[in-house]
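J.: Sequence unavailable; structure follows:
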Ligand SMILES: C[S@@+](CC[C@H](N)C(=O)[O-])C[C@H]1O[C@@H](n2cnc3c(N)ncnc32)[C@H](O)[C@@H]1O
């Protein structure tokens with residue numbers, strides 16, 4: 001199958017974000033992959049053998065990974081991004097990142113902006129849990145098994161304050177996946193986690209809840225598109241691929 005080709009017969013929505021991730025890896029063939037929030041390694045297990053993996057999680061679980069080139073750093077993302085050896089750990093330009101750590105929007109936003117320092121124009125950043133189901137599962141305090149927290153606010157703020165980026169939400173189960181592209185070459189110092197706009201932006205939405213998102217107009221605020229192979233291929237660098245290989 002040629003790189004950049006969407007495989008499924010038909011264009012059914014991906015059943016879960018794991019199915020989506022499989023296709024992202026297949027289409028992008030990243031040299032390097034950074035995952036914030038590893039847990040038991042289920043999403044790490046979807047990474048192809050030619051990709052170098054760096055994972056970050058203060059409490060990783062499981063017995064390791066059946067992959068030729070992986071490292072999991074047992075730290076919070078904040079500590080990890082403060083390290084000076086992240087570029088060496090990656091061993092090359094960052095092609096793909098998946099933000100799936102602490103489910104509070106100010107942390108997810110800081111993760112995206114820290115990842116941006118490592119990004120190049122072809123980098124793709126995925127953010128999980130951005131399409132909330134209801135008020136209970138999207139509250140800032142966890143009280144349910146499925147918990148997206150208020151990560152959706154990360155998408156709203158990036159779409160409001162970073163028009164230079166393309167930030168879109170794929171409607172994929174259980175709680176959506178944002179795809180972010182359009183990074184500039186080199187570091188993006190004015191946009192880093194310490195940039196002046198960030199504190200103000202976080203304050204804008206700190207007390208907002210699911211009802212406020214509905215009042216904003218969820219589809220527009222989050223840039224929701226169907227979670228299908230066609231929509232994914234439109235969002236990835238290189239644009240849509242319409243035909244079979
Ligand atoms: C939802 S799980 C990740 C699931 C995994 N990506 C998957 O799809 O299989 C979230 C993980 O984030 C980790 N986490 C919590 N706080 C974090 C932080 N500050 N930095 C990085 N990871 C964090 C938790 O320990 C947990 O394992």
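T.: All right, it came through fine. Computed from a predicted model, the values in this text were never measured in an experiment.
J.: Show me the contact partners of the helix or strand hosting residue 201.
T.: With elements taken from DSSP states H and E, the one containing residue 201 is helix 196-205. Residues from elsewhere that reach helix 196-205 (C-beta atoms under 8 Å, 6 or more residues apart in numbering): 105-106, 109-110, 113, 150, 153, 156-157, 160-161. Using the backbone N, CA and C atoms, a C-beta is placed for each residue, glycine as well.
J.: same thing with stretch 147-154?
T.: 102-105, 108-109, 112, 127-133, 137-140, 142, 175-176, 178, 205, 208-209, 213, 222.
J.: thinking again about what came up before, which among the contacts of helix 196-205 end up buried?
T.: Neighbour-count burial (16 or more other C-beta atoms under 10 Å) applied to the contacts of helix 196-205 gives 105-106, 109-110, 113, 150, 153, 156-157, 161.
J.: Rebuild those as CSV, extending it with distance to residue 22 and secondary structure.
T.: CSV is the format used below for the buried ones among the contacts of helix 196-205 (distance: C-beta to C-beta, whole Å; DSSP: H, G, I helix; E, B strand; the rest coil):
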residue, distance to residue 22, secondary structure
105, 27, helix
106, 30, helix
109, 27, helix
110, 28, helix
113, 27, helix
150, 28, coil
153, 28, helix
156, 28, helix
157, 29, helix
161, 32, helix
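J.: Quick check: of these, which lies closest to the ligand?
T.: The ligand has its nearest neighbour among the buried ones among the contacts of helix 196-205 in residue 110, at 9.4 Å by C-beta to the nearest ligand atom.
J.: Thought residue 78 was touching that closest one, still the case?
T.: Yes. In this structure, residue 110 is within contact of residue 78 by C-beta atoms under 8 Å, at 7.0 Å.
J.: what's the average pLDDT for the helix holding residue 201?
T.: Mean per-residue pLDDT for helix 196-205: 92.
J.: buried set for that helix?
T.: For helix 196-205, by 16+ other C-beta under 10 Å, it's 198, 201-202, 205.
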